[in-house]
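> Predicted model and sequence follow; I will ask about them next.
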Amino acid sequence: QVDLVESGGGLVQTGDSLRLSCTASESTFNWRGMGWFRQAPGRDREFVAAISSAGKITRYSDSAEGRFTISRDNAKKTVYLQMNNLQPEDTATYYCAQSTQTMAVLESSFAYWGQGTQVAVSS
């Protein structure tokens with residue numbers, strides 16, 4: 001069992017930045033792709049960003065491309081999501097997830113999920 005703990009959410013204004021963090025409990029983190037997903041009220045959970053186990057490959061959703069940056073520190077077993085120029089439509093609960101593979105973007109490839117951290121962007 002892998003525990004993932006997210007932090008860094010909050011209430012911000014349009015145009016502000018936030019950095020989300022997610023720390024894993026197990027060293028398997030170092031060999032697994034990680035991802036960030038989000039779920040807005042009344043909507044399905046959606047992919048935001050993913051990073052390969054060594055951090056060399058990243059993928060983003062269209063809405064995240066150019067504004068968000070995913071990174072990881074394997075020594076700290078932590079993955080980050082730097083979010084810049086936040087918009088009201090970014091309001092959601094953000095979840096980090098650990099894949100069963102070295103790189104993945106499909107939700108079905110992620111076996112472990114955090115509890116989520118809320119991000120609210122006011123206009």
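Thanks, I have it. Residues are numbered from 1 along each chain as shown.
> hey, let's count contacts and neighbours off CA atoms from now on
Fine.
> pLDDT weak spots in this protein?
Of all residues in the chain, none has pLDDT under 70.
> Please enumerate the helices of it.
Here the chain has no helices by DSSP state H.
> From Ser123, how far out is the residue most central in space within the chain?
Nearest to the mean C-alpha position of the chain, counting by CA atoms, centre = their mean, stands Trp36 at 2.4 Å. Separation of Trp36 from Ser123 (CA to CA, to the nearest Å): 24 Å.
> same question, Gly8
Taken as CA to CA, the span from Gly8 to Ser123 is 20 Å.
> who's more crowded, those two?
Comparing Gly8 with Ser123 by other CA atoms under 10 Å, the one with more neighbours is Gly8, at 15 against 11.
> Leaving out chain neighbours, which residue sits closest to that one?
Leaving out its chain neighbours, the residue that sits closest to Gly8 by CA to CA, 6 or more residues apart in numbering is Leu20, at 4.5 Å.
> Now do the contacts for that neighbour.
Contact analysis of Leu20 by CA atoms under 8 Å, 6 or more residues apart in numbering lists Glu6, Ser7, Gly8, Gly9, Tyr80, Leu81, Gln82, Met83.
> try 6 Å
With contact set as CA atoms under 6 Å, 6 or more residues apart in numbering, Leu20 has these partners: Ser7, Gly8, Tyr80, Leu81.
> Please type out the ChimeraX selection for whichever of those turn out to be buried.
Filtering the contacts of Leu20 down to the buried ones (16 or more other CA atoms under 10 Å) takes a single ChimeraX command:
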select :7,80,81
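> Take the contacts of Leu20 and lay them out in TSV including distance to Arg45.
Below are the contacts of Leu20 laid out as TSV (distance: CA to CA, whole Å):
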residue	distance to Arg45
Ser7	18
Gly8	19
Tyr80	19
Leu81	17
